[in-house]
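Peer 1: Build me a model:
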Amino acid sequence: MSSLPLGGRRFGERETLRLFARALRYVAPLRWRFAAKLGLTLVSLAPRLLLPWPVKLIIDHVINRDPVAEALAGYPPFVRPLLAPLVGMDPLEILLWLLGAQGLLVLAIGALGSTAAEVDRTEASLSSGRDTATTTENEANYGHSFAGGLLGLFEFRFTLRLTQALNHLYRSRVFERIQSLPMRAFDDERIGDAVYRLMYDTPSITNVCYRLLVTPVAAVLGLLVTVWVVRGAVTTSPGVAWAALGFLPLALLTTLIFGTRVRAQSLGSREAGAITTTGIEEGFANILAVQSLGSEAHEHRRFARESWASFGAFRRFVLTIILAIAFGAVPALALTAYAFLRVTDLVIAGVLTSGDFALVFTYYFQIAGYAIALGSLWIQVQGSAAGLRRVFELMDWPSERDAPGARDLPPVRHGVRVEDAHFRYADGTPALRGVSFEACVGEVTALVGPVGSGKTTLVSLLPRFLSPSAGRVRIDGIDVESVTLASLRARTAFVFQETALFDASIEENLRLGRPDASDEEIRRAARSAGADDFVRALPDGYRTRLGRAGGKLSGGQKQRLAIARALVRDAGILILDEPTSALDPESEARIIAALHEAARTRVVIVIAHRLSSIRAADAILFLEHGRIVERGSHPQLMSRPGGAYRRFVELQTRGPV
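Peer 2: Model prediction:
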């Protein structure tokens, strides 16, 4: 089976749209909460329509002392009821009234005055570095409100919880998907890349969902309502409002030019970050080998190159964003200059008041902000498209599935039969060539042969970690392809050559395959595997935490726990790959005796190279080049002069000549 796909560096608009549509499906379980978020956003934007008016009132009626009653008819209808209490007040009373109103606005929405600098927002972010991985932590914990004060605090907390719920749902689905991938899906793919996709690519969904669901509605409504207010407030110069709308086509033009480039740079940054994560994972996993070979300096240089390349790729991504902003800034400045000169001329001509100048420009910048948000929407989500693509590539990898009409496999009563099994890897390399054998309950069957002869591939057919290219595998006469994977693997316990233990207590590790196992069953299995004595000697006994990958134990201790875990599962088929390779002779003898005891009610298949483990088997199958070339008991095979098994044994006992 080939490795997980890495994908190309470029992909078009059509594929990007498909990615976004697929991402939005994850909103369905949270649709009402997203609707509430949209409502809160609209509410937080609404006060902006009123914020410019106090500045106009102060300029016209406090500083310039124009009577409110004479100017009231020139105000838009929606403002007049708010100004009615000011009629007849002197400038000082108007100022105090406005200060009181501003105090209430600060408490409610954190707003003061009319400019963007004076309108508070509620947002927070974690400290981050200058690469994609660290910045995505903020995407996974995004909270924001266009308002401050009590409203902003409420919306911020609501948004933060919604963001975390969305990312938890998405990330959990990805993890579940990884768990269902075939056993060999990651054989050629470094684990670090999968970790990067799960942890740092998944937060891309936050930016996409918020921008595609909230921004179009909020920006369009905000833009239209603000233009309507400006037209009502300044009827003599509607061209100023239309000039602000010019930001929209400018932002769209930037999107068309830079959209593809932004996607490519984001994908490059993420792939460079994945390489760095892989380097960290490999460095920690192989630290003993590196130190034993004196290669610390070489590994440091390798990691330094990968880490610096990750930062460089992120800088190129940011530079592309800066260039896109700069490209649209030049014509935007021209529009701003036009509006400034036009409004100034109208104030000098007496058509507009000094307060109108502040009013118009505040609304002008609001219109420009909405236009930019809407026009640049497409380019703002391009960086996230690369993260979505990498995640969905992982999720689209073919998973293990049951055949239509699959049934549960009943408890194993008789044995396993492999019939003329062939297997080829995805690159065409043959691993098995017409293998047939039978392993029965009550027997220990040993698979023996040189490295690469197909032993591990053969036993991987039994629990359907692999499926034969041709031939059949039957358990009690039932084809394993016709039963459910869950029931098949419930009947199978596998002890791998590389022991896999988790950073949990010993009893939690032993219960991994059977959570309902009793304390007595755990201890009985540990005694059979020769693990009970050393476990009891630990400070916390069976509740001792093992550390990462069982780092607190020796190789032999970890192997004994792995065997005990398989015995706890009480499955009908027990498969062990080199179960005694890290054991001393006394422990090995106990394990062999335990396997024969277990074989009374199970099929036991052992892959072994050590003669002491092999000779005790009831049946021995000797494999070469993917074929069984000899089979029989140890005495039977040793009685064949020049036999393959006999040569194998003599090489162990006498060594090469």
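Peer 1: Confirm residue 500 sits in a strand?
Peer 2: No - judged by DSSP: H, G, I helix; E, B strand; the rest coil, residue 500 forms no part of a strand; its state is coil.
Peer 1: and the gap between it and residue 604?
Peer 2: As judged by CB to CB, to the nearest Å, residue 500 and residue 604 stand 20 Å apart. All C-beta atoms are positioned from the backbone trio N, CA, C, and that covers glycine.
Peer 1: Of these two, which one has the most company?
Peer 2: Per other CB atoms under 10 Å, whichever of residue 500 and residue 604 has more neighbours is residue 604, with 26 against 13.
Peer 1: buried sites along stretch 325-336?
Peer 2: 325, 328, 332, 335-336 (16 or more other CB atoms under 10 Å).
Peer 1: need the residues you listed in CSV with secondary structure, can you?
Peer 2: What follows is the buried residues of stretch 325-336, written out as CSV (three-state DSSP):
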residue, secondary structure
325, helix
328, helix
332, helix
335, helix
336, helix
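Peer 1: Out of those residues, which one has the lowest pLDDT?
Peer 2: Taken together, the buried residues of stretch 325-336 show their lowest pLDDT at residue 328, with 66.
Peer 1: separation between the residue most central in space within the chain and residue 209?
Peer 2: In the chain, the centroid-proximal residue (CA atoms, centre = their mean) is residue 198; its distance is 2.2 Å. Residue 198 is 18 Å from residue 209, where distance means CB to CB.
Peer 1: Check residue 422 too.
Peer 2: With distances taken as CB to CB, residue 422 is found 48 Å from residue 209.
Peer 1: Can you list the low-confidence ranges for the stretch 151-300 of the chain?
Peer 2: Counting by pLDDT under 70, the stretch 151-300 of the chain contains low-confidence ranges at 183-190, 232-241, 244, 251, 255, 259, 281-295.
Peer 1: What segments of this structure are strands?
Peer 2: Under the criterion DSSP state E, strands of the chain are mapped to 122-123, 144-145, 415-424, 430-440, 444-448, 470-475, 478-479, 492-495, 573-577, 603-607, 619-624, 627-632.
Peer 1: and those strands, which is most packed in?
Peer 2: strand 603-607 (a mean of 26; mean count of other CB atoms under 10 Å).
Peer 1: Could you list the paired strands of it along with their orientation?
Peer 2: When pairing is defined by DSSP bridges, strand 603-607 lines up against strand 444-448 (parallel), strand 573-577 (parallel).
Peer 1: And those strands: which comes nearest residue 193?
Peer 2: Counting by CB to CB, residue 193 lies closest to strand 573-577 out of the strands paired with strand 603-607; the figure is 26.3 Å.
Peer 1: and that closest one, what's its mean pLDDT?
Peer 2: For strand 573-577, mean pLDDT is 88.
Peer 1: Distance from the chain centre to that strand, please.
Peer 2: Centroid separation between strand 573-577 and its chain, computed with CA atoms, centre = their mean, to the nearest Å, is 33 Å.
Peer 1: ditto for stretch 247-257
Peer 2: Distance of stretch 247-257 from the chain centroid (CA atoms, centre = their mean) equals 32 Å.
Peer 1: What of stretch 56-67?
Peer 2: 57 Å.
Peer 1: ends of it, how far apart?
Peer 2: 13 Å (CA to CA, to the nearest Å).
Peer 1: Just the buried residues of that stretch, please?
Peer 2: The neighbour-count check on stretch 56-67 (16+ other CB under 10 Å) flags 56-62, 66 as buried.
Peer 1: Could you do stretch 389-396 as well?
Peer 2: Buried, per 16+ other CB under 10 Å, within stretch 389-396: 389-392, 394-395.
Peer 1: Of those, which is the nearest to residue 620?
Peer 2: residue 394 (41.8 Å).
Peer 1: Distance-wise, check that closest one relative to residue 273.
Peer 2: Residue 394 sits 15 Å away from residue 273 when distances are taken as CB to CB.
Peer 1: go on, residue 487?
Peer 2: Applying CB to CB, the value for residue 487 to residue 273 is 41 Å.
Peer 1: between these two, who's got more neighbours?
Peer 2: residue 273 (27 against 16).
Peer 1: wait, residue 553 sits on residue 561?
Peer 2: Yes - between residue 553 and residue 561 there is a contact at 7.3 Å, judged by CB atoms under 8 Å.
Peer 1: and for those two, which residues touch both?
Peer 2: Here residue 553 and residue 561 share the contacting residues residue 501, scored by CB atoms under 8 Å, 6 or more residues apart in numbering.
Peer 1: What sits closest to residue 413 if chain neighbours are left out?
Peer 2: The shortest distance from residue 413 to any non-neighbouring residue, by CB to CB, 6 or more residues apart in numbering, is to residue 476 (5.7 Å).
Peer 1: so the one you found touches residue 415, yeah?
Peer 2: Yes - with contact defined as CB under 8 Å, residue 476 reaches residue 415; the gap is 7.2 Å.
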